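# this one's sequence-less:
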């Protein structure tokens, strides 16, 4: 990554507490909003990002840093006023990371034709996250005196996706030691062998029997996505909700000549970010209970051998936050998390392992 770029790290303060109080959907939505608002502010100029459940990491070219800073500062105010939560946004110059002898290396993974997610390695993104949490005074953005008008294109209207095999697991793995590439390869091979399928086949998203929200609950929830309920933007959302409920809940498609609902539902699976890598392997997968127990045993063994740190959380379903610019191929993306804030809860275990070893002076 060029050293004149900037990395924005967003997260909800006290997210674990908010999740435990049942606000996991709101936490997911706000984490996704920091990405989607930046995409819209830059008028669909592509930039690398990764969704982490209770926040996100965004890598922005120098010429766009000011605009994204302003957008996210407005989002801080919006989140406080509309959700009574505190969004933390850190603005880390990439040169700060390079001065610490870390790297930020990026690749693109095509999840479906025309739609990519970014993968990161080199330790730089993890270091940026440490700076965001440890040097808050230096790097944090202050909230703007204005707010954003709406969370355009974002919704969470599908009911949680139930596990087909028994459990949805949220897994985080950080490799330790010198040869981390081989450690990650070893971990992935173990996961595939335990699940007895590829990571792609363990994709937790299946909408065959999924339920769509009813009209009033959808309107009630999404009224908080707008700053002004008397605006034309909110009226447009009402129309969108009404049509979506007709099509996906009641199977009545007044737009049948324009919109293939079945094809769109089927494409959601391929447009989902259930697998991610940003110096941490992040997976949301569907598995059997016995496979979960085996995986937990193998991860603990690798941890005790000094190969990895890990966080693992099991739930009965997965949560999907949708960003739909268009229903066409490559024009929608679905942010995936384990039920009950799976990624954040797994991160809690991961951080406790890292903290334990940093305090004891053991090999990190």
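Everything's here; your move. These numbers come from a predicted model, not from an experiment.

# where does the prediction get shaky in the stretch 251-364 of the chain?
359-364 (pLDDT under 70).

# what about the helices in it?
With helices called from DSSP state H, counting those that start in this stretch, the stretch 251-364 of the chain shows them at 261-268, 289-304, 342-360.

# looking at the ones you listed, which is buried most?
The highest average neighbour count among these, using mean count of other CB atoms under 10 Å, belongs to helix 342-360 at a mean of 18. In short, each C-beta sits where N, CA and C put it, glycine included.

# residues making contact with that one?
Under the criterion CB atoms under 8 Å, 6 or more residues apart in numbering, residues 15-16, 19, 24, 27, 52-54, 168-172, 174, 280, 282, 284, 303, 309-313, 315, 318-319, 337-338, 363-364 lie in contact with helix 342-360.

# how much space separates the residue positioned nearest the centre of the chain from residue 31?
For the chain, the residue nearest the mean C-alpha position is residue 51 (2.7 Å; CA atoms, centre = their mean). When distance is defined by CB to CB, to the nearest Å, residue 51 is 6 Å away from residue 31.

# kindly report the same for residue 221.
16 Å.

# can you check residue 297 too?
Applying CB to CB to residue 297 and residue 31 gives a distance of 31 Å.

# do residue 131 as well
Distance of residue 131 to residue 31, computed by CB to CB: 19 Å.

# same question for residue 174.
Taken as CB to CB, the span from residue 174 to residue 31 is 20 Å.

# neighbour count: the two, which is higher?
residue 31 (25 against 19; other CB atoms under 10 Å).

# so which bits of the strand or helix carrying the more buried one are buried?
Using DSSP states H and E, residue 31 sits within helix 24-41. Residues of helix 24-41 classed as buried under the neighbour-count rule (16 or more other CB atoms under 10 Å) are 24-41.

# if we can go back for a sec, apart from its neighbours in sequence, what residue is nearest the residue nearest to the centre of the chain?
Of all residues not flanking residue 51 in the chain, residue 335 sits nearest, at 4.7 Å (CB to CB, 6 or more residues apart in numbering).

# ok, now residue 24?
Nearest one to residue 24, counting by CB to CB, 6+ apart, is residue 341 at 3.9 Å.

# relative to residue 319, how far out is that neighbour?
Using CB to CB, we find residue 341 at a distance of 8 Å from residue 319.

# hey, what's in contact with both of these two?
Here residue 341 and residue 319 have 24, 28 as joint contacts, going by CB under 8 Å, 6+ apart.

# just to revisit the earlier point, surely the residue nearest to residue 24 is in contact with residue 26?
No - between residue 341 and residue 26 there is no contact under CB atoms under 8 Å: 10.3 Å.

# could you give the number of residues near residue 223?
So residue 223, with other CB under 10 Å, has 13 neighbours.

# residue contacts, it?
Taking CB under 8 Å, 6+ apart, we find residue 223 in contact with 229, 234.

# if I look at it, how far off is residue 297?
46 Å.

# how about residue 286?
Relative to residue 297, and taking CB to CB, residue 286 is found at 19 Å.

# same thing with residue 178?
Distance from residue 178 to residue 297, by CB to CB: 25 Å.

# same thing with residue 61?
Distance, residue 61 to residue 297, using CB to CB: 45 Å.

# go on, residue 245?
With CB to CB as the criterion, residue 245 and residue 297 are 44 Å apart.

# also residue 18?
The gap separating residue 18 from residue 297 is 31 Å, by CB to CB.

# could you do residue 198 as well?
Residue 198 is 22 Å from residue 297, where distance means CB to CB.

# quick check on residue 155: phi, psi?
Dihedral angles of residue 155 (phi, psi; degrees, to the nearest 10) stand at phi -160, psi 160.

# going forward can the numbers begin at 48, since that is how I track them
Sure, I'll start counting at 48 from here, so that last one is residue 202.

# the nearest residue to it once chain neighbours are set aside: neighbour count?
Computed as CB to CB, 6+ apart, the closest residue to residue 202 that is not its neighbour in sequence is residue 369, at 5.1 Å. Residue 369 has 18 neighbours, counted by other CB under 10 Å.

# what pairs with residue 369 across the strands?
In this entry, residue 369 is beta-bridged to residue 202, residue 381, by DSSP bridges.

# residue contacts, the residue nearest to residue 249 when sequence neighbours are not counted?
Closest residue in space to residue 249, ignoring its immediate chain neighbours: residue 332 at 3.8 Å, by CB to CB, 6+ apart. By CB under 8 Å, 6+ apart, the contact list for residue 332 reads 215-216, 218, 238, 242, 246, 249-251, 321.

# of those - the most surrounded one?
residue 215 (31 neighbours).

# where does that one land in three-state SS?
Here residue 215 is recorded as strand under DSSP: H, G, I helix; E, B strand; the rest coil.

# right, and it touches residue 366 too?
No - at 9.2 Å, residue 215 does not count as touching residue 366 under the criterion of CB under 8 Å.

# ok, residue 197 to residue 275 distance?
Residue 197 is 8 Å from residue 275, by CB to CB.

# ok, those two, which is more surrounded?
residue 197 (19 against 11).

# doesn't residue 276 make contact with that one?
No - applying CB under 8 Å as the test, residue 197 and residue 276 come out as separate, 10.4 Å apart.

# low-confidence regions, the stretch 98-247 of the chain specifically.
Looking at the stretch 98-247 of the chain by pLDDT under 70, you get an empty list.

# mind listing the helices for it?
In the stretch 98-247 of the chain, the helices defined using DSSP H, counting those that start in this stretch lie at 112-130, 141-146, 171-181, 183-186, 227-242.

# now distance to residue 337 too, for the ones you listed, in a markdown table please.
Below are those laid out as a markdown table (distance: least, CB to CB, whole Å):
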| stretch | distance to residue 337 |
| --- | --- |
| helix 112-130 | 39 |
| helix 141-146 | 42 |
| helix 171-181 | 33 |
| helix 183-186 | 43 |
| helix 227-242 | 10 |
